[in-house]
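1. Just the structure for this:
(2 chains)
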Amino acid sequence: MKLDRIVLENFRQYFGKQRLTFARDPQRNVTIIHGVNGAGKTSLFLAINWCLYGRAVDNTKIVENVGELVSKELISRAVRGDRLVTSVELHFLHEGERYMARRNLRGTRQDGASVVLDSTDHFTLMRTRSDGQTETIKNPILTINAMLPPNVRTYFLFDGEKIDEFAKPESRKDVKDAIYLVLKLEILERAKRHLETNADEYSRELRKVSSGELAQLLDREVKAREERTSDEAQKIEHMRSIESARRKIVDIDTTLRESQNARELQSQRDQIEQALRERRGELESLIGQIRDLAVTSYFAIAQPAVDRALQILDEKRQRGEIPSSIRQQFVQDLLSQMRCICGRALTDGSTEHQRLLNLLQHSLPGSLEDDVLDTSAKLQPFAERVGRQRQDIDTAMRRRTELVGAINQLEAELSDIRHQLTKSPIEEISRLERQRQEFAADIDSANLKIGGINVHLEKLTKEINQLEKEIARAKTEEQRANLLQTKVDLTRRSANAIGEMYERFADDMRLKIEAKTKEIFKLLAWKGDHFEDVRLGTDYHLEVIDRYGTPARPDLSAGERQVLSLSFITAMSRVSEEEAPLVMDTPFGRLSSHHRNSITLHLPALADQLVLFVTDEELRDQARSNLEEKIGFEYRLSFDPRTSCTTIEEEGV
Amino acid sequence: MSEGSASRSDRVIIDEAVIDIYRELTDGSNVEQAPFRTHKDVFMLAVALGFQRGTRRSAPSHSKHTIRKEVFTDLDYHLLKAIAIATTGDVEVLMRQGEVLTIAEEFAQVGIHEVKSNLMEQAGRPLWNLVSLT
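-> Down below sits the predicted model:
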């Protein structure tokens, strides 16, 4: 930023419009504004600050009392009710473009020389485009803050009386802040903080998501599958034993069939077993039929609801609210034709006509009527259906009882045959039968085990199906967790990388500023050789070392401290390579002529633009002549005690 | 009990707390132990037993387990309509499908416990206990 022009209007003692142009020619970059104490130097300095930042920045007040900004002369000349305007217009260049910032404050004149100010001032920022047209910038405050951040402001627009602050022992933080702000290291720090916050948030989310559930589920699934494989293997083993036992039974049966003494009994047994298989098959099929009938038993249980609903529907019909099988449209047609259903003409008000009207008035809306009729028609056969269902179940249950009886009878007959064969006097037959019974018992036992295995397998299959679903869900969760973990790693690595970059850059900048401060301090301090070194330590302690290698600060004069601070500020401005004006209010007040001379000799070359608010005493003799060739514009603030107003007068260069 | 049924979904809700009863009566190959083929049939029995008991209770507003209305046969739905008419005494309930389904859900909320007690907590197997209910 380089200042070009300022226009004050009714600002404090500057009554009316007052203009001042700043020198910005690289060869003549110094603007001198002379003024005795009280002439208006500080007001002009304040005008620049107020125009750019308003009454306060980041809780730091720029203006204590806004009311004091309005020219007293203006107030005194106004009458009650007049609208008063105080404004400051600052023209400047920034990165090759021309800008105009304007802040104005309005108020209304009251009785007793007082003014009621509008609640806020008004700030506008205009940019002149390359085609010469001006445009209003929509977010003026953000734009100004980006050009010269408010927290950086005090390093470029400063009060000479307070400049020695950087050289005070307690100023380490100020020095550090200044470096961070001016060199925009704060942006890196903010990026690091932001990334760290994000990483923390991702970590928190990750803790919620990842619970190691997937590993547990997979473990359970593996175990369940292993169990199933083992069950299936056992089942096959049992089936093989059954098959083997059956073959042996078939062999025994063949032997018995061939044995003269057992043939008849074995033949009976063959027939009974065949009959038993048939009965059992029939029973199984019957149970299926009973099941089909029984699952719809809810119709029978809810029959009272059907009966009650039909009763309600019938009552409606009896009351004529549901025209039985007479459609609403049909009644309407009869009425519009004024004809009875038998074809006779209806007369208005006749009994028949009235009856048709009643029918229409009490009938239900068309769609409901359809629904009622449909429901009624569908519900009517329910009772009959339920009755039939009951009969079918009864019949099936009776048949079941018969079949169970027949099966029991056949089983008893088989048992008898087994007994007879076991007790056979022929040893071989008895032995074979006992063996046969053992094989049959083996088959029963194996079947029982297979039954148990089947139940277990069914349970396992359900469990595996459920686990598969849960695993799919947990995998999705884990993918999310992996993604979050990647995000956490990435943000932490980025934050660390920025942190390292930041440390290196900050250290690099610190060393550059240290070297530059030393160089400038040696130029500006008249006892240059006495001071051996200037150090800006890792703790941001700005220290001057004397020729004895000891810290010289306790011995530094107020003026030397001011020169050290000025060296530091100028060094920062050089290192940052940001184009910025150095505006100094009463910079030389505390300085001896030695320092004034060296500062005036070197400062114009160290700053892009230098604006000095000085008293005549501050700038004379050698100091004045040192600056002479660098002065672009020179003004005098002329205070008139008769009007208590200041006018800005340009002095010939 | 049945307020707010005008804008309800056309799926009936099965309370998650009783889903195991539905599962036990439908899962597996043993028809005597698990006689029902579908959850819909268990639900219909629960509605009928709830109506028989004459008590309703609100169903939860959300559940992972629902039955689409299309699963019910035409006869099933007419039975649900009859139950709604018998419960409200108002034929106009036929115009309000939401209310018909809500009433059914509310009876089923109570009836499902009757199903459990009558079919699963008696000496015989569920199929024969079911037969003895008719």
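2. Now do stretch A:622-635: distance to the chain's middle.
-> Between the centre of stretch A:622-635 and the centre of its chain there are 59 Å (CA atoms, centre = their mean, to the nearest Å).
3. Residue A:268 is in contact with residue A:420, correct?
-> No. Between residue A:420 and residue A:268 there is no contact under CB atoms under 8 Å: 9.6 Å. Glycine gets a C-beta too; all of them are placed from N, C-alpha and C.
4. can you pull the pLDDT of residue 57?
-> Chain wasn't specified; assuming chain A. With respect to pLDDT, residue A:57 has a value of 69.
5. that answer is for a different chain, and I need it for chain B
-> 94.
6. What sits closest to it if chain neighbours are left out?
-> Of all residues not flanking residue B:57 in the chain, residue B:109 sits nearest, at 4.4 Å (CB to CB, 6 or more residues apart in numbering or on different chains).
7. quick one: that neighbour and residue B:53 touch, right?
-> No. Judged on CB under 8 Å, residue B:109 makes no contact with residue B:53 at a distance of 11.2 Å.
8. between those two, who's got more neighbours?
-> Neighbour comparison, residue B:109 and residue B:53: the larger count goes to residue B:109, with 23 against 13 (by other CB atoms under 10 Å in any protein chain shown).
9. for chain B, what are the nearby residues on the stretch 451-600 of chain A?
-> A:458, A:462 (CB under 8 Å from any CB of the partner chain).
10. Any stretches of the stretch 451-600 of chain A with poor pLDDT?
-> Per-residue confidence for the stretch 451-600 of chain A (pLDDT under 70) gives these ranges: A:526-529, A:553-554.
11. same thing but 80
-> A:526-532, A:552-558, A:573, A:576-579, A:589-590 (pLDDT under 80).
12. likewise the stretch 151-300 of chain A?
-> Residues of the stretch 151-300 of chain A that meet the cut-off, pLDDT under 80, sit at A:151-156, A:158-187, A:207-213.
13. Strands along that one, start to end?
-> A:157-159 (DSSP state E, counting those that start in this stretch).
14. Quick check, the residue in it closest to chain B?
-> The minimum distance from the stretch 151-300 of chain A to chain B, using CB to the nearest CB, falls at residue A:298 (3.9 Å).
15. any idea what sits nearest that residue, other than its immediate chain neighbours?
-> Per CB to CB, 6+ apart, closest to residue A:298 is residue B:48, 3.9 Å.
16. Who are the contact partners of residue 44?
-> Unless you meant another one, I'm taking chain A. Residue A:44 is in contact with A:6, A:8, A:14, A:20, A:33, A:613, A:637, counting by CB atoms under 8 Å, 6 or more residues apart in numbering or on different chains.
17. You answered for a different chain; I wanted chain B.
-> A:296, A:298, B:72, B:76, B:79.
18. Give me the neighbour count for the nearest residue to residue A:434 once chain neighbours are set aside.
-> Using CB to CB, 6+ apart and skipping residues adjacent in sequence, the residue nearest residue A:434 is residue A:422, 6.0 Å away. Residue A:422 has 15 neighbours, counted by other CB under 10 Å.
19. Tell me if I'm right that residue A:282 and residue A:402 touch.
-> No. With contacts counted by CB under 8 Å, residue A:282 stays clear of residue A:402, the gap being 9.9 Å.
20. Drop anything exposed from the contacts of residue B:44.
-> A:296, A:298, B:72, B:76, B:79 (16 or more other CB atoms under 10 Å in any protein chain shown).
21. roughly how far apart are the third one and residue A:102?
-> This means residue B:72. For residue B:72, the distance to residue A:102 equals 77 Å [CB to CB, to the nearest Å].
22. try the second one
-> With distances taken as CB to CB, residue A:298 is found 85 Å from residue A:102.
23. Tell me the one among the contacts of residue B:44 nearest to residue A:179.
-> Checking the contacts of residue B:44 against residue A:179 with CB to CB, the nearest one is residue B:72 at 78.2 Å.
24. which residues sit in contact with the residue nearest to the closest one when sequence neighbours are not counted?
-> Of all residues not flanking residue B:72 in the chain, residue B:40 sits nearest, at 6.3 Å (CB to CB, 6+ apart). Listed by CB under 8 Å, 6+ apart, the contact set of residue B:40 reads B:67, B:71-72, B:76.
25. Then residue A:520?
-> Here residue A:520 is in contact with A:566-567, A:570-571, A:602, A:606 (CB under 8 Å, 6+ apart).
26. again, only this time at 10 Å
-> A:534, A:563-564, A:566-571, A:574, A:599, A:602-603, A:606 (CB atoms under 10 Å, 6 or more residues apart in numbering or on different chains).
27. Same question for residue A:115.
-> Residues in contact with residue A:115, defined by CB under 10 Å, 6+ apart, are A:67, A:70, A:72, A:74-75, A:78, A:82, A:84, A:86, A:105-109.
28. ok, back up a step: averaged pLDDT, the helix or strand the residue nearest to residue B:57 falls within. What do you get?
-> Here residue B:109 sits within helix B:97-115, counting by DSSP states H and E. Taken as a whole, helix B:97-115 has an average pLDDT of 95.
29. Other residues contacting the following helix or strand past that helix?
-> As assigned by DSSP H and E, the chain's next helix or strand after helix B:97-115 is helix B:126-133. Contact with helix B:126-133 is made by A:287, A:290-291, A:293-295, A:297-298, A:300-301, A:393-394, A:396-397, A:400, B:24-25, B:30-36, B:45, B:48-49, B:52, B:114-124, as judged by CB under 10 Å, 6+ apart.
30. And the residue nearest to residue B:115 when sequence neighbours are not counted, how close does it get to residue B:125?
-> Spatially, and ignoring its direct neighbours in sequence, residue B:115 is nearest to residue B:46 (5.2 Å; CB to CB, 6+ apart). Using CB to CB, residue B:46 is found at 19 Å from residue B:125.
31. Show me which of the two is the more surrounded one.
-> residue B:46 (27 against 16).
32. Need the nearest residue in space to residue B:21, chain neighbours excluded.
-> The shortest distance from residue B:21 to any non-neighbouring residue, by CB to CB, 6+ apart, is to residue B:116 (5.1 Å).
33. show me the residues around that neighbour that make contact.
-> Residue B:116 touches B:18, B:20-21, B:24-25, B:46, B:126, counting by CB under 10 Å, 6+ apart.
34. Mind giving me the ChimeraX command for buried ones among the residues you listed?
-> In ChimeraX syntax, the buried subset of those is picked out as below (16+ other CB under 10 Å):
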select /B:18,21,24,25,46,126
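35. a markdown table for the contacts of residue B:116, including secondary structure?
-> Converted to a markdown table, the contacts of residue B:116 look like this (DSSP: H, G, I helix; E, B strand; the rest coil):
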| residue | secondary structure |
| --- | --- |
| B:18 | helix |
| B:20 | helix |
| B:21 | helix |
| B:24 | helix |
| B:25 | helix |
| B:46 | helix |
| B:126 | helix |
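36. Between the contacts of residue B:116, which sits nearest chain A?
-> Nearest to chain A among the contacts of residue B:116, with distances taken as CB to the nearest CB, is residue B:46, at 8.4 Å.
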